[in-house]
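**Student:** Dropping the sequence and predicted coords here.
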Amino acid sequence: MSMILREGLSITPPLRAVVEKLWVSDGAAAPTVPREHTLPTGAMSLVLRLSGPPLRLFDSATRELGLCIVGGARERLYVRAGAASGRAVGAQLRPGASQWLFGVPALELAHCHTPLDQLWGSAAEALRQRLAAEAAPLRVLDLFEAALLARLATPQPRLPAAVAFALAAFARGQRVDAVVQASGFSHRHFNALFGAAVGLTPKAFCRMQRFQTLLAALAADPARPLAQLALDAGYSDQAHMSREFSGIAGLTPGAYRRIAPAQINHVPMPQA
């Protein structure tokens, strides 16, 4: 399945402050498996399936959620039906996007999937149908980007200063306690501000960033010893890394390495 990606400076401002990546897939046939472990990134996403089946999840029961879905920030995998041939367009969203695009704090959408029509009403399906009628992938991406831009609740989206400060500090590897202290807020107030923008607690967000660093390293250097990868990613040791990895991904780091998924956050599971 081929995909066109738009990110960074190629995204129109001010949408650039809200969206990290835009993508469109052409729906070319791809190998399918019964189920897939979709691993958490710590970010919110928006996906419109322009053809093919609706999203099917396997948790306490099998559920079909529709064709236009907001995936909230989460800290553990979910299991879905293996990817089937079908056109789709989507966005990986930045902290703050939930309030600016959907009018609700990120915490309200965290740890679950929300049909877009619950947030945008009939406009969600109208947009999906308009995009589905376009044959050219770049045209689909342009129209999707314009639709998101038109949905912005403010022409100049800006995070609260304390949240922006924290995200920059966490990217440099600073500890949560030190960042909270430097913010001047109590832990409770800081966590409320951060959760409203991000959808996760600061500690959970940092755990997801460390996990994503590890996944990228596993893909980049398949032969590197797991113990060294653990230390490089910021875990105290390999045992710490293995416990967290299994809890987040539903399989061990060794099993993940053997599967070697083509996309680091989408792990095909041949045995349902």
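**Tutor:** Sure, I can see it. Computed from a predicted model, the values in this text were never measured in an experiment.

**Student:** quick one, what contacts the residue positioned nearest the centre of the chain?
**Tutor:** In the chain, the C-alpha nearest the mean C-alpha coordinate belongs to A43, at 3.9 Å (CA atoms, centre = their mean). For A43, the contacting residues are E20, A73, Q92, L93, R94, by CB atoms under 8 Å, 6 or more residues apart in numbering. Every C-beta, even on glycine, is put in place using the N, C-alpha and C of the backbone.

**Student:** Go through those residues and say which is closest to P270.
**Tutor:** Nearest to P270 among the contacts of A43: Q92, at 27.0 Å, using CB to CB.

**Student:** quick one: strands adjacent to the helix or strand harbouring the closest one?
**Tutor:** For Q92, the host element (DSSP states H and E) is strand 88-93. The pairing partners recorded for strand 88-93 under DSSP bridges are strand 19-25 (antiparallel), strand 44-49 (antiparallel).

**Student:** Can I get it in CSV, CA atoms only?
**Tutor:** As requested, C-alpha coordinates have been extracted for strand 88-93 and formatted as CSV (Å, rounded to 0.1, in the frame of the first residue of the first chain):
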residue,chain,number,x,y,z
ALA,A,88,-7.9,6.4,3.5
VAL,A,89,-6.7,9.8,4.6
GLY,A,90,-5.7,10.9,8.1
ALA,A,91,-3.7,13.1,10.4
GLN,A,92,-1.5,12.7,13.4
LEU,A,93,-2.4,15.5,15.7
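
**Student:** so what secondary structure elements neighbour the helix or strand just after it?
**Tutor:** Once the chain leaves strand 88-93, the next helix or strand it forms, by DSSP H and E, is helix 97. For helix 97, not one helix or strand is in contact under the criterion 3 or more CB pairs under 8 Å, 6 or more residues apart in numbering; DSSP states H and E.

**Student:** contacting residues around helix 97?
**Tutor:** By CB under 8 Å, 6+ apart, helix 97 touches V18, V19, M44, A106.
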